[in-house]
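J.: what follows is a predicted structure for the sequence shown.
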Amino acid sequence: MDIRKILEQYRSGEIDLTEAEETIRSMGFLSVSDIARADTFRCRRTGVPEAVLAEGKSDADLEAIVRAHIGASGRVLVTRVSPSQMKLLDDAFPDCVQKSRSQTICVVHAPGRPMPPKDGGTVAVISAGTVDIKVAEEAKMTAEEMGCRTIEIYDVGVAGYHRLILEMEKLRDSKPDAVVVAAGREGTLPTVVAGIIDVPVIGLPVSSGYGMGANGEAALLSMLQSCSVISVVNIDAGFVAGAYAARIANRMQAARGGKHGGGV
């Protein structure tokens, strides 16, 4: 039942105000035994799908939660997946797991379920180093699940600035609506990118590097002190960066008169 039908029932007197409120509040919540309440309505409510964080979950709980999401909406994004958890999902859902290049994020879908149509905007995802790709791919797959077309430009950090310059034509030709830039170490790349393009840039600090300011702390502080105008998410928060970029891109696409990418 959708919200419109509930409101029509209230207007016609079939249900009272209290029943209508309780029905709407309960929509999309699916109890998974006593371990979780899956928010299967989140994408329709906010435009951003719920993602299952695999990290810290037992095998049985992870499988049960993923299975509940698939039963409700046909597919689900799973983040921070360990190698053993990836094998678990492969075994539990044969031929239904789409993996990323980093192998730490995947989409589990019902048999024959296609990828969401790319009817949203365009998101570019850039990484400073190869080590940052793991987090960049989380942003990329999230944006794709929200209906966006993605452009990847990897390993173009400021230690070899010419690498970025050589990719600028590709970046401009793709006409992105938003750009996610993943960088560890000193985290300079988002500031540089934001200084040479005219679209929103989301800085994604990565927990690479070592010594003082390791674990992404130096990258985060550097991005927060950026002299270019950027937005910054938390350390290793690829899902948040990808979802934020996709929201921007999808609104831009809607303003152009195109479809708004609907995610899962």
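T.: Good, I have the coordinates. Residues are numbered from 1 along each chain as shown.

J.: helices of the stretch 151-264 of the chain, start to end?
T.: 161-174, 189-194, 217-224, 238-255 (DSSP state H, counting those that start in this stretch).

J.: correction: the stretch 1-150 of the chain
T.: 3-12, 17-26, 42-46, 59-73, 83-92, 133-145.

J.: in terms of mean pLDDT, which of those ranks lowest?
T.: Lowest mean pLDDT within these: helix 42-46, a mean of 69.

J.: quick check, pLDDT for Ser117.
T.: Heads up, residue 117 is Pro, not Ser. Reading off the confidence values, Pro117 has pLDDT 81.

J.: among the helices of the stretch 1-150 of the chain, which is nearest Ser228?
T.: Taking C-beta to C-beta as the measure, these were each checked against Ser228, and helix 133-145 came out nearest at 19.0 Å. Using the backbone N, CA and C atoms, a C-beta is placed for each residue, glycine as well.

J.: which elements pack onto that closest one?
T.: With contacts defined as 3 or more C-beta pairs under 8 Å, 6 or more residues apart in numbering; DSSP states H and E, the secondary structure elements packing on helix 133-145 are strand 75-79, strand 122-127, strand 149-153, strand 178-183, strand 201-205, helix 238-255.

J.: list the contacts of it.
T.: 49, 51, 75, 77, 79, 100-102, 104-105, 107, 115-116, 118, 123, 125-127, 150, 152, 154-155, 180, 182, 204, 206, 236, 238-239, 241-243, 245-246, 249, 263-264 (C-beta atoms under 8 Å, 6 or more residues apart in numbering).

J.: just the helices of the stretch 1-150 of the chain: most buried one?
T.: Mean neighbour counts were taken over the helices of the stretch 1-150 of the chain using mean count of other C-beta atoms under 10 Å, and the top value, a mean of 28, falls to helix 133-145.

J.: what's the angle from that helix to helix 238-255?
T.: Helix 133-145 and helix 238-255 meet at an angle of 30 degrees, taking axes from the mean of the first three to the mean of the last three C-alpha atoms, to 10 degrees as the criterion.

J.: now helix 133-145 - C-alpha only, PDB.
T.: Listed in PDB are the C-alpha atoms of helix 133-145, where the atom choice follows Å, rounded to 0.1, in the frame of the first residue of the first chain:
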ATOM      1  CA  ILE A 133      40.200   3.000  -4.900                       C
ATOM      2  CA  LYS A 134      38.600   0.700  -2.300                       C
ATOM      3  CA  VAL A 135      36.700   3.600  -0.800                       C
ATOM      4  CA  ALA A 136      36.200   5.400  -4.100                       C
ATOM      5  CA  GLU A 137      34.400   2.200  -5.400                       C
ATOM      6  CA  GLU A 138      32.000   2.400  -2.500                       C
ATOM      7  CA  ALA A 139      31.000   5.900  -3.600                       C
ATOM      8  CA  LYS A 140      30.800   4.800  -7.300                       C
ATOM      9  CA  MET A 141      28.500   1.800  -6.700                       C
ATOM     10  CA  THR A 142      26.300   3.800  -4.400                       C
ATOM     11  CA  ALA A 143      25.800   6.500  -7.000                       C
ATOM     12  CA  GLU A 144      25.000   3.800  -9.600                       C
ATOM     13  CA  GLU A 145      22.400   2.200  -7.300                       C
END
